[in-house]
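> sequence? don't have it. structure:
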């Protein structure tokens, strides 16, 4: 059975599409393409249909991570479509709880910080939108850490 994972940030133009792209690269590297489905979305729909922030695309592509996602807003039906819904920060985590249709859906919501193994001092993935180049690099470092942990968990027999 396929594991379906949705990454969520505010506008779906920086953090969550970068997490999706980074995770896709790891899924391919570890031969899990037949068992993992990935997507990303935002709790805010104002960027729907737009490509990811060009600064994030440049930073990711410099690491060999292609980003082709178009922004979309989280929908209630995503709670039926995905097994894990991973929020980049507490504000989006709380927004997902409010959107969740029932208590069972709450069980699917996770904080990305819970997958950070090498950056224990970070309690969220910061939004790099108003930051310089270093902010985008930091986010990619954090995403690589968490996605690596997540891929290791997916490789474990169930």
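Alright, I've got the coordinates. Keep in mind that what you see is a predicted model, and the values were worked out from it rather than measured. Numbering: from 1, shown residues only.

> Please, where are all the strands along this protein?
Using DSSP state E, the strands of the chain run over 3-9, 36-42, 84-87, 109-111.

> So for residue 139, which of those sits nearest?
Each of those has some distance to residue 139 by Cβ to Cβ; the shortest is strand 3-9, at 9.7 Å. (C-beta placed from N, C-alpha, C; glycine too.)

> Neighbours of the residue nearest to residue 139 when sequence neighbours are not counted, how many?
Leaving aside its chain neighbours, residue 139 sits nearest to residue 128 (5.0 Å; criterion: Cβ to Cβ, 6 or more residues apart in numbering). Residue 128 sits with 22 neighbouring residues when counted by other Cβ atoms under 10 Å.

> do you know which of the strands of the chain lies nearest residue 137?
Across these, closest to residue 137 is strand 3-9 (Cβ to Cβ), at 16.8 Å.

> Just checking: what are the partner strands of the closest one?
According to DSSP bridges, the neighbouring strands of strand 3-9, each with its direction, are strand 36-42 (parallel), strand 84-87 (parallel).

> distance between it and the chain's centre?
How far strand 3-9 lies from its chain's middle: 6 Å, per Cα atoms, centre = their mean, to the nearest Å.

> Touching it from outside, list them.
Outside strand 3-9, the residues that touch it by Cβ atoms under 8 Å, 6 or more residues apart in numbering are 15-17, 19-20, 23, 35-43, 74, 78, 81-89, 92, 96, 112, 125, 127, 150, 154.

> what residues are up against residue 41?
For residue 41, the contacting residues are 6, 7, 8, 12, 16, 71, 72, 73, 74, 75, 78, taking Cβ under 8 Å, 6+ apart as the criterion.

> Export those residues as a markdown table, with columns for neighbour count.
Below are the contacts of residue 41 laid out as a markdown table (neighbours: other Cβ atoms under 10 Å):
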| residue | neighbour count |
| --- | --- |
| 6 | 25 |
| 7 | 34 |
| 8 | 30 |
| 12 | 29 |
| 16 | 31 |
| 71 | 24 |
| 72 | 18 |
| 73 | 17 |
| 74 | 24 |
| 75 | 12 |
| 78 | 21 |
